[in-house]
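Visitor: below: sequence and its predicted model.
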Amino acid sequence: MAQPNLRILQVMRAPVGGLFRHVADLTRALAANGHEVGLVVDSLANDGQTEQKLHDLLPYASLGIHRFAMPRTLGKGDLKTPFAVRKLARALNIDVLHGHGAKGGFYARLARLGGSKAATLYTPHGGVLHFSKSSLSGRVFHKLERLLMKQTGAIIFESAYARDTYSALIGKPTCPTEVIHNGLSPDEFIPVAPSTDAADFVFVGELRDLKGIHVLVEALAPLKRPDARPATLVMAGDGPSRAELEAQITKLGLTERVSLLGAQPARPTFARGRIAVVPSLAESLPYVVLEAAAAQLPVIATRVGGIPEIFGATSDSLVPAGNVDALRTKMQDTLDDPAAAKAEMLERLKRIESNFSLATMTSAIETLYHTVLKRG
């Protein structure tokens, strides 16, 4: 028997990063499956790029895109927005409230107070997991997590790592939980061929310390191709550590070997390099690893977060985070033996095709929505 179509409200703060990528993909897929979807986003942090992203989602958000004040940390909006979201959910006759990130999860679950019959689900996406127990914000958000557990129909973790970290920081959830990995669309599995002037390595991500950018540049310095020419790197992204990174590149004499492209979409950028490098010091389940592997690039990555869940049987090739020598050795080995790198890439590709598709992700989330609704 076919399940009924649902009226779903996705609640998040800012449309940026992997969280927004997930919500946007899920919104499009749910709409394609016949559900009616609305979005709640922050009204405080808008720019041209944000507005364009939201505009592109409008055709799939039949219940509209609604803006309320959502301060990044604790603020006045936290006292008003949950009530506004609750009022909106009632007006739209919402079946499912799905909060994403710390603030989205906070508002979605507080909105359920007062007798709402909507199923309330929550996906942390790192969010609250990034707050330290020793900080005031961390203590407040962790306590809120525990207090709101009774208002949570289910928690969706995008990786087993996120689930285990949540339990360690906050305590084992008393509500049902499920690990549902992020997924890619079919067109993301089309191979990306390197351009004629492609660099040896490509990095796509925010330019901040946590992404391991300084470790990467230091590891690159002595590397050489099999023909003895110095290895090259392109880096797409922007962020708070850009000036520091530029100074490091200059100090190491790498200005002719490292190209900084600024913020760029991932898939076209993959054509600018032959080997993807993700040297992060911390992650949850990064889309860039999935995207690069699906585009059929060899991927060098660190053993952090949920990355071993993506690598599966090839996870022995992961390197320790923050270890310049280990990263340098792996990069040199990949340059020296492209046949082995390709064989590893193909093995990883089979795993990602089987376990990380958008269809699989959406189906699992839809099933959970209906399960939570039936449970009441």
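Guide: Yep, that arrived. Note that the structure is a prediction, hence the values are computed from the model and not measured.

Visitor: residue ranges of the helices in the stretch 1-150 of the chain, please?
Guide: Taking DSSP state H, counting those that start in this stretch as the criterion, the stretch 1-150 of the chain carries its helices at 17-32, 48-57, 77-91, 101-110, 136-147.

Visitor: dump these to JSON lines, plus mean neighbour count and distance to residue 162.
Guide: In short, each C-beta sits where N, CA and C put it, glycine included. Formatted as JSON lines, the helices of the stretch 1-150 of the chain follow (neighbours: other Cβ atoms under 10 Å; distance: least, Cβ to Cβ, whole Å):
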{"stretch": "helix 17-32", "mean neighbour count": "19", "distance to residue 162": "12"}
{"stretch": "helix 48-57", "mean neighbour count": "13", "distance to residue 162": "24"}
{"stretch": "helix 77-91", "mean neighbour count": "18", "distance to residue 162": "24"}
{"stretch": "helix 101-110", "mean neighbour count": "26", "distance to residue 162": "12"}
{"stretch": "helix 136-147", "mean neighbour count": "16", "distance to residue 162": "13"}
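
Visitor: and those as CSV, adding mean pLDDT and distance to residue 219?
Guide: CSV is the format used below for those (pLDDT from 0 to 100; distance: least, Cβ to Cβ, whole Å):
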stretch, mean pLDDT, distance to residue 219
helix 17-32, 93, 24
helix 48-57, 82, 31
helix 77-91, 88, 42
helix 101-110, 90, 32
helix 136-147, 80, 32
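
Visitor: who wins for proximity to residue 359 among those helices?
Guide: helix 17-32 (7.6 Å; Cβ to Cβ).

Visitor: what's the angle from that closest one to helix 101-110?
Guide: Interaxial angle of helix 17-32 relative to helix 101-110 (axes from the mean of the first three to the mean of the last three Cα atoms, to 10 degrees): 50 degrees.

Visitor: other residues contacting helix 17-32?
Guide: By Cβ atoms under 8 Å, 6 or more residues apart in numbering, the list of residues contacting helix 17-32 from outside reads 8, 10, 12, 14-15, 37, 39, 53, 57, 60-62, 100-101, 123, 125-127, 158, 182-183, 185, 284-287, 358-359, 361-362, 365-366.

Visitor: what are the ranges of the strands in the protein?
Guide: Along the chain, the stretches classed as strands by DSSP state E are 7-11, 36-42, 65-68, 96-100, 119-123, 154-157, 177-179, 199-204, 233-236, 258-262, 273-278, 299-301.

Visitor: where in the stretch 201-350 of the chain is pLDDT low?
Guide: The stretch 201-350 of the chain contains no residues with pLDDT under 70.

Visitor: and what of the stretch 51-200 of the chain?
Guide: 74-75, 77, 114-115, 127-128, 130-131.

Visitor: can we see that at 50?
Guide: Low-confidence segments of the stretch 51-200 of the chain, defined by pLDDT under 50: none present.

Visitor: now residue 7: how far from residue 58?
Guide: The gap separating residue 7 from residue 58 is 17 Å, by Cβ to Cβ, to the nearest Å.

Visitor: the two - which one has more neighbours?
Guide: residue 7 (17 against 11; other Cβ atoms under 10 Å).

Visitor: tell me the spacing between the more buried one and residue 376.
Guide: 17 Å.

Visitor: please apply the same query to residue 59.
Guide: Distance from residue 59 to residue 376, by Cβ to Cβ: 33 Å.

Visitor: circling back to that earlier point, closest to residue 246 out of the strands of the chain?
Guide: Among those, if distance is taken as Cβ to Cβ, the winner is strand 258-262, at 7.1 Å.

Visitor: contact partners for residue 146?
Guide: Residue 146 sits in contact with 170, 171, where contact means Cβ under 8 Å, 6+ apart.

Visitor: coming back round to it: could I get the strands of the chain in JSON lines, plus columns for distance to residue 327?
Guide: Listed next are the strands of the chain as JSON lines, based on distance: least, Cβ to Cβ, whole Å:
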{"stretch": "strand 7-11", "distance to residue 327": "37"}
{"stretch": "strand 36-42", "distance to residue 327": "36"}
{"stretch": "strand 65-68", "distance to residue 327": "41"}
{"stretch": "strand 96-100", "distance to residue 327": "32"}
{"stretch": "strand 119-123", "distance to residue 327": "31"}
{"stretch": "strand 154-157", "distance to residue 327": "28"}
{"stretch": "strand 177-179", "distance to residue 327": "28"}
{"stretch": "strand 199-204", "distance to residue 327": "11"}
{"stretch": "strand 233-236", "distance to residue 327": "12"}
{"stretch": "strand 258-262", "distance to residue 327": "15"}
{"stretch": "strand 273-278", "distance to residue 327": "8"}
{"stretch": "strand 299-301", "distance to residue 327": "7"}
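
Visitor: among the ones you listed, which comes closest to residue 348?
Guide: Nearest of these (Cβ to Cβ): strand 299-301, 7.3 Å.
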